[in-house]
Structure formats: structure tokens, C-alpha cells
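Colleague: structure for this input, please:
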Amino acid sequence: MSLELLSAVAAVGTFVVIAATAIAAIVQLRHLRTSNQLTGLLNILGRSEDPIFAEWRDDTRKVAHERLSDPEFRMKLEEGDYDRRTASWIHLYNWYDYVGSLVKQGLVPEEAVMDVYSNVLVGDWKTGEDIIAITRRRSGPGIWENFEYLAWLSMKWLEFHEGSVYPRGAQRLPLKDRWLEEDRRLYSEQRSS
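Modeller: Okay, the predicted model is just below:
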């Protein structure tokens with residue numbers, strides 16, 4: 001075997017080793033990205049199941065339904081004259097803004113967030129539209145824009161999936177509502193009395 005042939009075989013061997021190493025690195029990077037996305041998604045899921053999150057949502061609904069009719073409250077909203085530490089809606093909308101940014105940047109998988117939270121996101125956006133609109137009078141459209149983006153994605157996702165997160169073509173399990181007739185009778189009696 002000549003030196004030239006040996007040199008060529010060594011060069012091909014080196015190329016094969018480098019190519020295999022590059023492929024392995026790409027596979028590892030994909031796994032690492034998937035692992036990071038899963039970690040981010042699990043953090044979102046964990047935070048969203050926290051009782052504080054439920055408290056934020058409940059308090060925000062109260063504000064939207066009970067306090068917005070007060071012109072003085074609306075003026076304080078517009079002027080930013082409220083306690084940011086205790087205003088649950090700020091914490092809720094900042095959280096959604098954070099999640100929206102993660103989705104927008106591709107750091108958490110959009111499809112997984114939509115599958116779990118699309119209905120909740122749309123509901124919370126609709127609950128807070130007046131709060132957000134009044135707050136934006138002074139602050140401009142940039143405030144909670146990632147939350148807005150997330151709500152828009154959710155609306156589009158639900159529209160595409162016809163309002164359901166259940167996979168198309170998957171068979172539904174039969175449910176028998178054994179209380180239906182009794183409840184209808186009781187509700188009817190309550191309404192008529």
C-alpha cells in the first residue's frame with residue numbers, strides 16, 4: 001500500500017469520524033432542546049395549577065364584573081394608580097405575557113400550550129378585555145401584547161379544532177348522565193317557584 005493511498009484512506013476515515021461526531025452532536029442538541037421545552041412546559045403547568053394562580057383568576061373575574069362599573073376605579077386603572085403588589089389581574093396578565101413570550105420565541109411548544117390552555121386563555125382574555133383596554137389608554141398597545149398574541153393563537157387554534165381539544169377521528173367514550181332527568185326536574189321546579 002502506497003503512502004498516497006494510506007493518506008487518502010486516513011483522510012476518508014477522519015472525515016467519517018468528524019461526520020459521525022457532527023451527526024451525534026445534532027441529535028444531542030435536538031434532545032437537549034426537547035428536554036428544555038419539556039422543562040419549560042412543566043413549569044408552566046405547575047404554576048398554572050398553583051392555588052395562587054386560581055386566586056388570581058377568581059380575583060380578576062371579580063374586578064371585571066364588580067369594579068369596572070365604578071368610574072373612579074376606571075380612572076385609577078387608566079392613571080396606573082393602584083397597588084401593583086395586590087392587583088391579581090396584573091400578576092395573571094404578566095404571567096400570560098411571560099408564557100406568550102416563551103411560545104412566541106419557540107422555547108415552549110405552541111401546540112402543547114394550546115392543547116392544555118386554549119379555552120382558559122380565551123376566557124381570561126375576554127374577561128379582561130376592558131381592564132386591558134383601559135390600562136392601554138395610557139400605557140399603549142405594548143402592554144400585555146404577548147398575552148394578546150397567546151389569546152389570538154388560542155382563538156385560531158380553537159377555531160381550527162372546532163372548539164374542542166379532542167383529537168379528530170378519535171372515538172368518544174360513551175357517557176351516561178344518570179342525573180340528567182332528576183336535575184332538569186329540580187331546576188325546573190326551582191325556576192317556577
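
Colleague: residues contacting Glu110?
Modeller: 103, 153 (CB atoms under 8 Å, 6 or more residues apart in numbering). The C-beta positions use only the backbone N, C-alpha and C, and glycine is treated the same way.

Colleague: how close does it sit to Leu6?
Modeller: 53 Å (CB to CB, to the nearest Å).

Colleague: residue ranges with poor pLDDT in the chain?
Modeller: 1, 31, 33-38, 40, 42, 46 (pLDDT under 70).

Colleague: what residue lies at the spatial centre of it?
Modeller: Centroid check for the chain by CA atoms, centre = their mean gives Val113 as the closest residue, at 4.5 Å.

Colleague: which strands and helices lie in contact with the host helix or strand of Arg47?
Modeller: Using DSSP states H and E, Arg47 maps to helix 3-48. With contacts defined as 3 or more CB pairs under 8 Å, 6 or more residues apart in numbering; DSSP states H and E, helix 3-48 has these neighbours: helix 88-104, helix 110-139.

Colleague: quick one, which of these is packed in tightest?
Modeller: helix 88-104 (a mean of 20; mean count of other CB atoms under 10 Å).

Colleague: touching it from outside, list them.
Modeller: With CB under 8 Å, 6+ apart as the test, helix 88-104 has contacts from 40, 44, 47, 53, 55-60, 63-64, 84, 108, 110, 113, 121, 124, 128, 131-132, 144-151, 153.

Colleague: no further queries at this time; thank you.
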